[in-house]
Every structure is written in structure tokens, then in C-alpha cells.
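>>> have a look; sequence and predicted model below, questions after that.
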Amino acid sequence: MTKQTKTNRNRYLYLSLGVLLTIEGIYLNYEAILNGDFPDTIMLLALGVNQLLLAYLAPHLFPKDERAKEIFGKSMTINYFVLFASITVLILATGSGSFGFVTLDATQALIVLFCIMVIAIPGTMVFYSKIL
Amino acid sequence: MKNNIKEIRVKHQLTQDDLAERLEVSRQTIISLEKERYNPSITLAFKIARLFRCQIEDVFIYEEE
């Protein structure tokens, strides 16, 4: 199998998984979001978006050449700061001080962090694949 | 850094896919190189020059920043 065929196969796999998970994520979460509750299955939606972003990234990343490594490296550096910023915002938002405006249990806080990371990592890769 | 990759590639009757396969990089890397968005490593620059049987200076034009 040539590299191009393998990349295309990866791309279609990501795309089909992304569409499936996104539709499922929207279907399972829209009621909770409309009612103002915490959507417990929001991870499905985040994973769907992640797969769609990876479908876009597949031809940029899968023949793992030097440009792909540079995209990986730069996006990981940015995500290091995104993780710290997200934790800081979560601490402030869920705290009991004047900034605290939401109440989340531990699992919900972890779900929010998971969603942020799952979207931010390929999101920054998309950004760098555009400018590199 | 400016480069003449596109002109030389066309002169050698190669497609972006052909060039990518011979250099073992993605087609997106070739597109980025041709649009002068991405500066290649010295290894890739040598590979490109060797493939086209010319000097690195014939392919890449260094400009002071």
C-alpha cells in the first residue's frame, strides 16, 4: 500500500468517525445544554470534533516528515500553556471567591479539562499547519 | 528564504506527488516549500539539490533578514 493510499484511508476513517461521534454527541447533549444542565456526555462531542480536525490534519501529519514534527512540537508547546490556563480558569470559576460562578464536581471538572485538551491539541496543529 | 523549487520541478516534469514520494515527505510539505512558507532543514535542502543534480544555492536563495 502506498503512503498516499494509507493517508487517504486514515483520513476517511477519521472523517467517518468524526461525523458519527459529532452527530451522536449533539443528539445526546442538546437537551442538557438547552435546560442549562451540565452535559455529561459532552466528551463524545469533543471526540467528534477531535476526529474531524484529525481528518483535516491527516495529509499534513501522516507521512511523518520534518514539517509534521515541527507542527507537533510547536502545538505541544502551546498546549502546555493552554493546560495551565485552563486549570487556572477552572480553579477561579469553581472557587468560592468572588470569581466563582459555577459549581462542578470532580468528574465534571475532569470532563471539561478533557474536552479542552482533546480540541486544543489538534486545533493548534491545524493553526500551525496553515502557517508552516 | 526564496526558492526555485516549483520552476525546477516543472522543468524536470515532476508532479508535487512525485517529488514528495522521492523526497519521502508529504505533498503538503512540497506545497509549503513552493509557497515559501516553510524553510526546510539542511538535510532536506541537500536531498532536493541532489535530486535535481544542482547546488543548494541554485534552489534556495538566502536573504538577510
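Looks like it came in fine.

>>> buried set for the strand or helix carrying A:Asn79?
Per DSSP states H and E: A:Asn79 is located in helix A:66-94. Residues of helix A:66-94 classed as buried by neighbour count (16 or more other CB atoms under 10 Å in any protein chain shown): A:67-68, A:71, A:74-75, A:78-79, A:82, A:86, A:90, A:94. The way it works is simple: take the backbone N, C-alpha and C, and place the C-beta from them, glycine included.

>>> ok, so of those residues, who is nearest chain B?
Nearest to chain B out of the buried residues of helix A:66-94 is A:Arg67 (CB to the nearest CB; 4.5 Å).

>>> the inter-axis angle of the longest helix seen in chain B versus helix A:66-94?
When chain B is parsed with DSSP state H, its longest helix is helix B:42-51. In terms of direction (axes from the mean of the first three to the mean of the last three CA atoms, to 10 degrees), helix B:42-51 departs from helix A:66-94 by 150 degrees.

>>> would you list every one of the helices in the chain?
In the absence of a named chain, chain A is used. Under DSSP H, chain A gives helices at A:3-35, A:42-61, A:66-94, A:106-131.

>>> let's do chain B instead
Going by DSSP H, chain B shows helices at B:5-11, B:16-23, B:27-34, B:42-51, B:56-59.

>>> neighbours around the residue nearest to A:Tyr56 when sequence neighbours are not counted, how many?
Nearest in space to A:Tyr56, with sequence neighbours left out and distances taken as CB to CB, 6 or more residues apart in numbering or on different chains, is A:Val126 at 6.1 Å. For A:Val126, the neighbour count with other CB atoms under 10 Å in any protein chain shown is 15.

>>> from chain B, how far off is A:Val126?
As judged by CB to the nearest CB, to the nearest Å, A:Val126 and chain B stand 12 Å apart.

>>> check A:Gly25 too.
Relative to chain B, and taking CB to the nearest CB, A:Gly25 is found at 29 Å.

>>> is it true that that residue touches A:Ile42?
Yes. Here A:Gly25 reaches A:Ile42: they are 7.2 Å apart, a contact under CB atoms under 8 Å.

>>> which other residues reach stretch A:49-61?
A:7, A:10-12, A:14-15, A:17-19, A:21-22, A:67-68, A:71-72, A:118-119, A:121-123, A:125-126, A:129, B:26-28 (CB atoms under 8 Å, 6 or more residues apart in numbering or on different chains).
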